[in-house]
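In: Got a predicted structure here, sequence first:
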Amino acid sequence: MNRRLPGTFNQCQRHLFASSNHPASPAFATRFLSTSRVNYERQECQVLVVGGGTGGCAMAAKLSSRLGSNKVIVLEPEEKHYYQPMFTLIGGGMKRLDQSHRQMADVLPKKAKWVKEKALEFDPDNNTVSTSGGNTIKYDFLVIATGLQLKYEKIPGLVEALETPGSNVCSIYSPKYVDQVYECLRRTYKGNVVFTFPHCPIKCAGAPQKIAYISDHYFRKMGRRNDVNIIYSTSLPVIFGVKHYADALMKLVKKRNITLNVNRNLVEVRHSDNIAVFEDLANPGKLYEETYSMLHVTPPMTAPDVVANCKQLVTPTGFVDVDQMTLQHNKYSNVFSIGDSACTPNSKTAAAAAAQSPVVFKNLIAAIEGKPPTDIYDGYSSCPIVTGYNSCILAEFDYNLTPVETFPVDQAKERYSMFFMKKELMPVLYWQLMMKGYWNGPAFMRKMFANLKFNKK
Ligand code: FAD
């Protein structure tokens with residue numbers, strides 16, 4: 001197959017011209033070539049990866065390293081690549097926003113071609129994706145890695161509250177609002193400090209709790225804890241889906257004097273009165289008003305519209321309809337999905353995407369070779385539940401919600417070692433290994449530690 005791709009740059013050029021507005025930047029070139037492609041060759045590739053976030057970048061690195069230069073196109077509109085797991089620590093004032101991102105041009109693999117545009121429409125029957133730059137990209141194989149979209153606007157009054165300075169409404173989930181979280185903590189001296197969890201699948205289902213525990217510790221450190229009520233209101237019927245960790249977290253909530261409300265879904269924010277309105281999901285239609293002095297909101301999330309709108313590709317909930325073991329599409333054998341946009345019933349985390357990446361890689365290479373899929377994803381996900389400024393519970397589990405712990409210690413216990421790993425080691429692992437296609441999750445460590453069971457219950 002001879003498929004020459006236009007507009008490739010070497011590493012040095014990419015670095016020098018990282019700004020998309022520089023006429024010599026790869027991004028500018030891509031846009032220029034895209035908009036002037038009337039007389040230009042049609043864009044084609046062996047593998048098209050849509051989305052250059054956690055899963056997409058890891059896949060592009062693995063695939064371009066195996067298939068060689070210019071076989072892989074990454075379609076990704078954003079200039080910056082965020083390491084989102086850091087947002088929780090930014091909310092607690094432990095990291096800065098500028099430590100959480102890098103230029104997309106520096107993160108995406110050099111052997112892949114980056115098209116800095118959005119996917120506008122999938123046409124899996126004709127193996128094409130049309131883009132915001134007016135292009136049509138033809139592929140042999142497609143990897144959908146478009147993540148989740150945040151839907152703050154689904155809750156009346158929320159966007160206005162988030163965008164009103166001094167409203168004391170905040171959210172770690174978006175880079176746009178994450179800096180407000182620590183400011184809100186610093187401004188709050190008394191009253192109800194309320195944390196929410198929406199009624200839909202979200203990324204990192206532990207994060208809404210993590211920021212509640214960090215806030216509790218913050219107020220204790222500042223000597224204000226007796227003046228604030230911490231309220232964690234979740235639309236789930238339990239504090240955490242995995243019983244092993246839920247038991248430990250219930251003890252923690254009790255010990256820290258945090259009020260837990262289950263089946264409570266935030267439906268409105270009236271920020272001029274500092275009132276959050278919740279629906280009791282156990283009694284649909286029954287509303288509760290909660291006055292707050294600080295409100296931390298986890299927004300509703302959905303699969304991106306462009307994915308959900310392509311009915312042939314998705315399940316009725318809008319997620320990519322892949323086999324939960326092989327991650328290959330149930331109808332189109334040349335389509336795979338990784339990460340949050342897949343319909344798989346695992347907890348949606350970067351850790352899950354890491355464990356999925358070798359499976360998608362091996363099964364996609366098998367598909368290229370005309371063979372059936374061989375590798376299987378067991379639903380592994382992990383959630384480092386940070387419980388303060390020096391402690392963390394490391395939850396790891398699979399599709400059956402059975403703990404799959406890596407370390408030979410009781411991971412349901414709060415530990416400094418896990419906190420250190422989350423805060424200092426995981427970002428390095430993400431940028432240096434996962435984004436370069438070398439990190440497949442900790443399964444190999446689990447095997448290594450299997451015979452050592454210190455302090456295990
Ligand atoms: P993303 O990394 O979100 O990437 C999706 C990409 O698709 C984006 O770059 C986007 O621009 C692109 N895209 C979207 N639409 C289009 C389109 N139409 N065309 C082209 N490209 C498109 N995970 C952990 O493992 N541990 C944690 O402790 C943890 N904590 C978290 C805390 C917070 C506050 C948040 C927000 C997330 C956390 N996560 C954590 C979750 C983790 O970040 C995500 O699960 C992971 O990034 C998902 O990877 P993804 O590739 O599916 O999506």
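Out: Great, that's in hand.
In: pLDDT at the closest residue to the ligand within the chain, what is it?
Out: Using CB to the nearest ligand atom, the single residue of the chain nearest to the ligand is residue 53, 1.8 Å away. Placement of C-beta: from N, CA and C, glycine included. Listed pLDDT for residue 53 reads 98.
In: just how off-centre is the helix or strand containing residue 186 within its chain?
Out: Element membership of residue 186, judged by DSSP states H and E, is helix 179-187. Put simply, helix 179-187 sits 23 Å off its chain's centre (CA atoms, centre = their mean, to the nearest Å).
In: and it, what does it pack onto?
Out: In this structure, helix 179-187 makes packing contacts with helix 87-91, strand 169-170, helix 207-221, strand 294-296, judged by 3 or more CB pairs under 8 Å, 6 or more residues apart in numbering; DSSP states H and E.
In: Which of those sits closest to residue 348?
Out: Evaluated over those, closeness to residue 348 peaks at helix 207-221, with 10.8 Å, by CB to CB.
In: Identify the residues contacting the closest one?
Out: By CB atoms under 8 Å, 6 or more residues apart in numbering, the surrounding residues in contact with helix 207-221 are 87-88, 91-94, 172-173, 181, 185, 188, 193, 195-197, 202, 225, 228, 230, 232, 234, 239-240, 249, 252, 256, 258, 296, 298, 385-389.
In: let's see it at 6 Å
Out: By CB atoms under 6 Å, 6 or more residues apart in numbering, the residues outside helix 207-221 that reach it are 88, 91-92, 172, 185, 195, 197, 225, 228, 230, 232, 256, 296, 298, 385-389.
In: for stretch 98-108, same thing?
Out: With CB under 6 Å, 6+ apart, stretch 98-108 has contacts from 14, 18, 26, 52, 57, 74, 78-83, 86, 114, 435.
In: Count the neighbours of the spatially closest residue to residue 388 that is not a sequence neighbour for me.
Out: Nearest non-adjacent residue to residue 388, counting by CB to CB, 6 or more residues apart in numbering: residue 217, 3.4 Å away. Look at residue 217: counted by other CB atoms under 10 Å, it has 18 neighbours.
In: What distance do you get for residue 217 to residue 202?
Out: Separation of residue 217 from residue 202 (CB to CB, to the nearest Å): 23 Å.
In: just residue 85 next, same as before
Out: From residue 85 across to residue 202, the span is 14 Å (CB to CB).
In: Next: residue 258.
Out: Look at residue 258 and residue 202: by CB to CB, they are 20 Å apart.
In: In helices, which of the contacts of helix 207-221 appear?
Out: Counting by DSSP state H, the contacts of helix 207-221 place 88, 91, 185 in helices.
In: Please save the CA atoms from the longest helix seen in the chain in PDB.
Out: Assignment by DSSP H gives helix 350-368 as the longest helix of the chain. The C-alpha trace of helix 350-368 is given here as PDB (Å, rounded to 0.1, in the frame of the first residue of the first chain):
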ATOM      1  CA  ALA A 350      -7.100   6.500  32.300                       C
ATOM      2  CA  ALA A 351      -6.100   3.300  34.100                       C
ATOM      3  CA  ALA A 352      -8.800   1.400  32.200                       C
ATOM      4  CA  ALA A 353      -7.600   2.900  28.900                       C
ATOM      5  CA  ALA A 354      -4.100   1.800  29.700                       C
ATOM      6  CA  ALA A 355      -5.300  -1.800  30.300                       C
ATOM      7  CA  GLN A 356      -7.400  -1.600  27.100                       C
ATOM      8  CA  SER A 357      -4.500  -0.400  24.900                       C
ATOM      9  CA  PRO A 358      -2.600  -3.700  24.400                       C
ATOM     10  CA  VAL A 359      -5.900  -5.400  23.700                       C
ATOM     11  CA  VAL A 360      -7.000  -2.900  21.000                       C
ATOM     12  CA  PHE A 361      -3.500  -3.000  19.600                       C
ATOM     13  CA  LYS A 362      -3.200  -6.700  19.300                       C
ATOM     14  CA  ASN A 363      -6.700  -7.200  18.000                       C
ATOM     15  CA  LEU A 364      -6.300  -4.400  15.500                       C
ATOM     16  CA  ILE A 365      -3.100  -5.900  14.200                       C
ATOM     17  CA  ALA A 366      -4.800  -9.300  14.000                       C
ATOM     18  CA  ALA A 367      -7.600  -7.600  12.000                       C
ATOM     19  CA  ILE A 368      -5.000  -6.000   9.600                       C
END
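In: Which strands or helices does that helix pack on?
Out: helix 54-67, strand 381-386 (3 or more CB pairs under 6 Å, 6 or more residues apart in numbering; DSSP states H and E).
In: Recalculate using a threshold of 7 Å.
Out: Helices and strands touching helix 350-368, by 3 or more CB pairs under 7 Å, 6 or more residues apart in numbering; DSSP states H and E, are helix 54-67, strand 136-144, strand 335-337, strand 381-386.
In: between that helix and helix 54-67, how big is the angle?
Out: Comparing the axes of helix 350-368 and helix 54-67 via axes from the mean of the first three to the mean of the last three CA atoms, to 10 degrees yields an angle of 40 degrees.
In: between helix 350-368 and strand 381-386, how many degrees?
Out: Using the same axes, to 10 degrees: helix 350-368 against strand 381-386 is 160 degrees.
In: what about helix 350-368 and the ligand, any contact?
Out: Yes - Helix 350-368 is in contact with the ligand by CB under 6 Å from any ligand atom, via 350, 351, 353.
In: near the ligand, which residues of the stretch 301-450 of the chain?
Out: Looking at the ligand, the residues of the stretch 301-450 of the chain close enough under CB under 6 Å from any ligand atom are 304, 306, 339, 340, 341, 348, 349, 350, 351, 353, 384.
In: What sits closest to residue 204 if chain neighbours are left out?
Out: In space, residue 204 is closest to residue 349, 5.4 Å off (CB to CB, 6+ apart).
In: Which pLDDT value belongs to the one you found?
Out: As predicted, residue 349 sits at a pLDDT of 98.
In: could you show me where the strands are in the stretch 101-250 of the chain, in order?
Out: Using DSSP state E, counting those that start in this stretch, the strands of the stretch 101-250 of the chain run over 101-103, 113-115, 119-123, 128-131, 136-144, 149-150, 169-170, 191-197, 228-234.
In: Report the mean confidence score over the second one.
Out: Averaged across strand 113-115, pLDDT comes to 97.
In: same question, stretch 150-157
Out: 98.
In: List the buried residues for it?
Out: By 16 or more other CB atoms under 10 Å, the buried positions in stretch 150-157 come out as 150, 152, 154, 155, 157.
In: Go back to those and keep what's next to the ligand.
Out: Counting by CB under 6 Å from any ligand atom, no member of these is near the ligand.
In: quick one: low-confidence ranges for the protein?
Out: Across the chain, the ranges flagged by pLDDT under 70 are 1-42, 453-457.
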